[in-house]
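Undergrad: next comes the sequence, and after it the predicted model I'd like to discuss.
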Amino acid sequence: MPADQCLHQLFEQQAERTPGNIALEADNLRLTYAELNTRANGLAHHLRSLGVRPGDVVGICLRRTPEMVVSLLGVLKAGAAYVPLDPSHPEQRLAFIVEETRVKVVLTLEKLHREALGAHVLLLDSEAVNIEQHDAENPANVTSPEDLAYVLYTSGSTGNPKGVMIPHRGLVNYLSWAIDCYDAEAGLAAPVHSPLGFDLTVTSLLCPLLKGGSVLLISEDTGIEGLNRALESGDYFSLIKITPSHLELLARMLSNAEAVRRVRALVVGGEALPGEALAFWRTHSPQTRIINEYGPTETVVGCCVYEVRPDDKPAGTVPIGRPIANTQLYILDTKMRPVGAGTEGELYIGGAGVARGYLNRPALTAESFVPDPFGTTPGARLYRSGDAARLRLDGEIEFIGRYDAQVKIRGFRIELGEIESALTSHERVREAVVVDRQETSGEKRLVAYIVAQRGEEVGAGELREYLKQRLPEYMLPAAFVQMTAFPLTHNGKVDRRALPDPESVRPELKEIYIAPRNELERTIAAIWREMLRLEKVGIHDNFFDLGGHSLLMVQTHGKLQQALGREIAVIQMFQYPTISMLAEHLSRAESEQTSFETSEDRAETRRKSTSQRRMARSLAREV
């Protein structure tokens, strides 16, 4: 693809080549390339009529719907850059991003409109008639490859998120390489199941749209269950971009037969990839390519890649591989000198994908983006990743860990300092430390330790509610521990290794504790207790208020199905997040199903379910 063109220009060329191809699918709606391009053109002309100009930033506060894709393309065609504003994020976080980016306009819908989005809001549904009246032709391009394509906010160690500025040149370089590497064949679909603000989405959304393929938008309401249903449908996807955590969950949800020939390439990113997570796919779908893609947001999604080989060891961390096109990787010591093969050093990244820097953070930009001492291009910079790595003798790079307090939880990048800053902003909290703890299951969870102001106490429930107003769900600690003082090292720093394990006690909640009342509730409670690592759980306690999250809910779903010996839709676990609600729903569903069975059917059901009922009773006794 031409390096002197911008993303929207490349899409326009593809729309001209394949106007009748399906570009987008969502629920029962389909848009062809011609229809998608026409809608984006109308929005672009409307945005220009509102004064949007090159250099401006436009907010997109939408869920995974066709409007989201139309908006992304329309903003770029208008000459501006887009900034994702996740509708699920708290008001305070959205307001901060809107103010810092000085958005010219925010695109949203009536039902998603919030005060935090500011005064310059364009409601796409209310203004649909006015937008459609504009010219359907491609607007004249006013953007250069050096102009910004998007600003993506990531967690920041100083207490606020930081905006990474990505120009068209870097984005087009990545997409050109990815389309070629992942063989994004025209006509095949790719599902999009991650938020616009998560850079996994760049790969799964934009690769197909520059190659004539189609994009299947999976609703937030269905989550991983929606992706599972898409695979179960029998469609053959060109690629799926996914985190290791989601990869393992799909392996739990799909049958052996359902995994065969469902996807050409699984592109895994977002966190370190354990070889053990690949066993299901390597056994039951060996023809599926599995590609480990590494890359910080500051270097456009991916900058280093490794394709898993049939003879690779089944255990240990999968290498991150070699640099993509027009990218240079260096492993350097503390004096920025290259280290030899087998020696650990910090990974520095250079080339076409390096971001412009952090929006309005010149000091942080200068610290993280340093002059390139190895290149010949004037003004070239290297991004200091903060990742420890080593070069293997075969030329592949291995990821080792971090040099700072940044962690990855379920694919999300989190600066622990941002959570600590939010906690210490509470008037009764004097000090706070947050750590990521590795559980015996291999899963990581966040634990917050606090020292309250003298003579004060702060309950876990209160702290969780306080953080909900300031941080997205994936940054909320699963447990809170109040201490009188933190253990210190000999040089006076907090000794994080000496912090105690969180107690397995039910956190302080608004709901009064009520014990399970019947066998079904006791069975559910036993499984929740095991998965949430709590000594007791009340029937009106919300799974997520107890420290649960979406991936843990899916794991809980699998155990519950096994214990009850019946099929339960994952979506129902999210619709009924308390034990009483879930038990009532399951009882009602079973009663309705039983009413349609013959007496012979009932006898057979009783015979088949005897062992499952014994298992359920055994679990229930542990509560």
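TA: Nice, I can see it.

Undergrad: rest of the way, CA atoms for contacts and neighbours
TA: OK.

Undergrad: torsion angles phi and psi at Glu100?
TA: When read as degrees, to the nearest 10, the backbone of Glu100 gives phi -70, psi -40.

Undergrad: how much space separates it from Leu109?
TA: Going from Glu100 to Leu109 by Cα to Cα, to the nearest Å gives 22 Å.

Undergrad: give me the more crowded residue out of the two.
TA: Using other Cα atoms under 10 Å as the criterion, Glu100 and Leu109 rank with Leu109 on top: 19 against 12.

Undergrad: can you get me a residue count around the nearest residue to the more buried one once chain neighbours are set aside?
TA: Nearest in space to Leu109, with sequence neighbours left out and distances taken as Cα to Cα, 6 or more residues apart in numbering, is Leu123 at 4.9 Å. The criterion is other Cα under 10 Å. On that basis, Leu123 has 16 neighbouring residues.

Undergrad: hang on, Leu123 packs against Leu112?
TA: No: using Cα atoms under 8 Å, Leu123 is not in contact with Leu112, being 9.2 Å away.

Undergrad: so what sits against both of those two?
TA: Here Leu123 and Leu112 have no joint contacts, going by Cα atoms under 8 Å, 6 or more residues apart in numbering.

Undergrad: now do the strands in the stretch 51-200 of the chain.
TA: Listed in chain order, the strands found in the stretch 51-200 of the chain under DSSP state E, counting those that start in this stretch are 57-60, 81-84, 105-108, 121-123, 148-154, 162-167, 189-192.

Undergrad: out of these, nearest to Asn130?
TA: Using Cα to Cα as the measure, strand 121-123 is the one of those that comes nearest Asn130, at 11.0 Å.

Undergrad: Ala34 contacts Pro19, doesn't it?
TA: Yes: shown here, Ala34 and Pro19 form a contact pair, counting by Cα under 8 Å, at 4.6 Å.

Undergrad: nearest to Gln13, out of the strands of the stretch 51-200 of the chain?
TA: Going by Cα to Cα, the one of the strands of the stretch 51-200 of the chain nearest Gln13 is strand 148-154, 17.9 Å.

Undergrad: can you give me the buried ones in that closest one?
TA: 148-154 (16 or more other Cα atoms under 10 Å).

Undergrad: and the contacts of that strand?
TA: Outside of strand 148-154, the residues within contact range by Cα under 8 Å, 6+ apart are 55, 76, 80-84, 161-168, 171, 197, 297, 413-414.

Undergrad: drop anything exposed from those residues.
TA: By 16+ other Cα under 10 Å, these give 76, 80-84, 161-168, 171, 197, 297, 413-414 as buried.

Undergrad: just the helices in the stretch 201-350 of the chain please.
TA: Using DSSP state H, counting those that start in this stretch, the helices of the stretch 201-350 of the chain run over residues 223-232, 244-253, 256-259, 279-284.

Undergrad: what residues of the shortest one count as buried?
TA: If you call a residue buried by 16+ other Cα under 10 Å, then helix 256-259 has these buried ones: 258-259.

Undergrad: dump the helices of the stretch 201-350 of the chain to CSV, plus mean pLDDT.
TA: Putting those into CSV (pLDDT from 0 to 100) gives the following:
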stretch, mean pLDDT
helix 223-232, 84
helix 244-253, 85
helix 256-259, 85
helix 279-284, 92
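
Undergrad: ok, the residue lying closest to Val300 once chain neighbours are set aside - contacts?
TA: Nearest residue to Val300, sequence neighbours excluded (Cα to Cα, 6+ apart): Gly353, at 5.6 Å. Contacts for Gly353 (Cα under 8 Å, 6+ apart) come out as 169-171, 173-174, 298-300, 303, 327.

Undergrad: Ile414 too?
TA: If you count contacts by Cα under 8 Å, 6+ apart, then Ile414 has 154-156, 406-408, 475 around it.

Undergrad: which one of the strands of the stretch 51-200 of the chain lies nearest to Asn360?
TA: With Cα to Cα as the measure, strand 162-167 is the member of the strands of the stretch 51-200 of the chain nearest Asn360 (8.4 Å).

Undergrad: work out the sheet partners of the closest one and label each with its direction, please.
TA: Strands that pair with strand 162-167, judged by DSSP bridges, come out as strand 148-154 (antiparallel), strand 357-358 (antiparallel).

Undergrad: need those in a markdown table (columns: mean pLDDT and distance to Arg445).
TA: Listed next are these as a markdown table, based on pLDDT from 0 to 100; distance: least, Cα to Cα, whole Å:
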| stretch | mean pLDDT | distance to Arg445 |
| --- | --- | --- |
| strand 148-154 | 97 | 19 |
| strand 357-358 | 98 | 28 |
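
Undergrad: neighbours around Asp404, how many?
TA: Using other Cα under 10 Å, Asp404 is surrounded by 12 other residues.

Undergrad: relative to Ser144, how far out is the closest residue to Thr143 other than its chain neighbours?
TA: With sequence-adjacent residues excluded and distances taken as Cα to Cα, 6+ apart, Thr143 is closest to Gly79, at 5.4 Å. According to Cα to Cα, Gly79 stands 9 Å off from Ser144.

Undergrad: neighbour count winner among these two?
TA: The residue with more neighbours, out of Gly79 and Ser144, is Gly79; 27 against 16, by other Cα under 10 Å.

Undergrad: where in the stretch 401-550 of the chain is pLDDT low?
TA: Within the stretch 401-550 of the chain, the stretches with pLDDT under 70 are 439-442, 503-510.

Undergrad: contacts for the helix or strand in which Arg48 is found, please.
TA: Using DSSP states H and E, Arg48 falls within helix 33-49. For helix 33-49, contacts defined as Cα under 8 Å, 6+ apart pick out 12, 14-16, 18-24, 70-71, 73-78, 130-139.

Undergrad: can you tell me which of these are in helices?
TA: Of the contacts of helix 33-49, the ones assigned to helices by DSSP state H are 12, 14-16, 70-71, 73-78, 130-132.

Undergrad: which among these count as buried?
TA: 12, 14-15, 70-71, 73-78, 131-132.

Undergrad: now render these as a markdown table, adding distance to Ala563 and pLDDT.
TA: Output for these, formatted as a markdown table (distance: Cα to Cα, whole Å; pLDDT from 0 to 100):
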| residue | distance to Ala563 | pLDDT |
| --- | --- | --- |
| Glu12 | 53 | 98 |
| Gln14 | 51 | 97 |
| Ala15 | 51 | 98 |
| Val70 | 45 | 98 |
| Ser71 | 46 | 98 |
| Leu73 | 48 | 98 |
| Gly74 | 50 | 98 |
| Val75 | 50 | 98 |
| Leu76 | 51 | 98 |
| Lys77 | 54 | 98 |
| Ala78 | 55 | 98 |
| Ile131 | 54 | 94 |
| Glu132 | 54 | 91 |
